[in-house]
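> Have a look at this fold, sequence not included:
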């Protein structure tokens, strides 16, 4: 067979007869061991990365859930104290504590209410601060408000 290449004549096999190294021809009978090992390695690295990401997302989700619960507990207590009105609150500084295990449906939280009279009695204001702790006092949420007469 004869081919013409740029001014000179070339004898040999045509392009159709040479096997293309990127094309899997009829003589290929599956994957080599090296190809399988590389594939397994790449899949393993990908799966390990996904597992690490998943555990991080789960930890963040659990923390967010506790933070939301603590904020809700603090807000509920502030609303309860607002319902009592100015006269129903203790005069002067006062702390009311609900320890771990005493809050119904939320035994892993502790709530402390601090009532203060900021400034002079003419202000007729009381400052309420509700602090909710969880995880053995490792985390806390503090909500403050002023209640007027």
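The structure has been received and is ready for your questions. A quick note: this is a predicted structure, and the numbers were derived from the prediction, not measured.

> For the rest of this, base every contact and every neighbour count on C-alpha atoms.
Will do.

> Strands along this structure, start to end?
In the chain, the strands defined using DSSP state E lie at 2-5, 8-11, 94-98, 109-116, 125-134, 139-148.

> quick one: which of the ones you listed is nearest residue 50?
Shortest distance between residue 50 and the strands of the chain, using Cα to Cα, is found for strand 139-148: 28.3 Å.

> partners of the closest one, with directions?
Counting by DSSP bridges, the strands paired with strand 139-148 are strand 125-134 (antiparallel).

> Check which residues of the strand it pairs with are buried.
125, 126, 128, 129, 130, 131, 132, 133, 134 (16 or more other Cα atoms under 10 Å).

> Also stretch 95-112?
100, 109, 110, 111, 112.

> same check, this time on stretch 130-149
Buried, per 16+ other Cα under 10 Å, within stretch 130-149: 130, 131, 132, 133, 134, 140, 141, 142, 144, 147.

> go on, stretch 76-94?
Counting neighbours by 16+ other Cα under 10 Å, stretch 76-94 gives 77, 78, 81, 82, 86, 89 as buried.

> who's in contact with it?
113-117, 125-126, 128, 130, 145, 147-149 (Cα atoms under 8 Å, 6 or more residues apart in numbering).

> Out of the buried residues of strand 125-134, which comes closest to residue 29?
The shortest gap between residue 29 and any of the buried residues of strand 125-134 belongs to residue 134, at 62.1 Å (Cα to Cα).

> hang on, the earlier thing: including distance to residue 36 and mean pLDDT, could the strands of the chain go into TSV?
Converted to TSV, the strands of the chain look like this (distance: least, Cα to Cα, whole Å; pLDDT from 0 to 100):
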stretch	distance to residue 36	mean pLDDT
strand 2-5	40	52
strand 8-11	40	54
strand 94-98	61	81
strand 109-116	52	90
strand 125-134	50	90
strand 139-148	49	92
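
> Please produce a markdown table containing the buried residues of stretch 95-112, extended by distance to residue 69.
Shown next, in a markdown table, are these (distance: Cα to Cα, whole Å):
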| residue | distance to residue 69 |
| --- | --- |
| 100 | 14 |
| 109 | 9 |
| 110 | 12 |
| 111 | 12 |
| 112 | 15 |
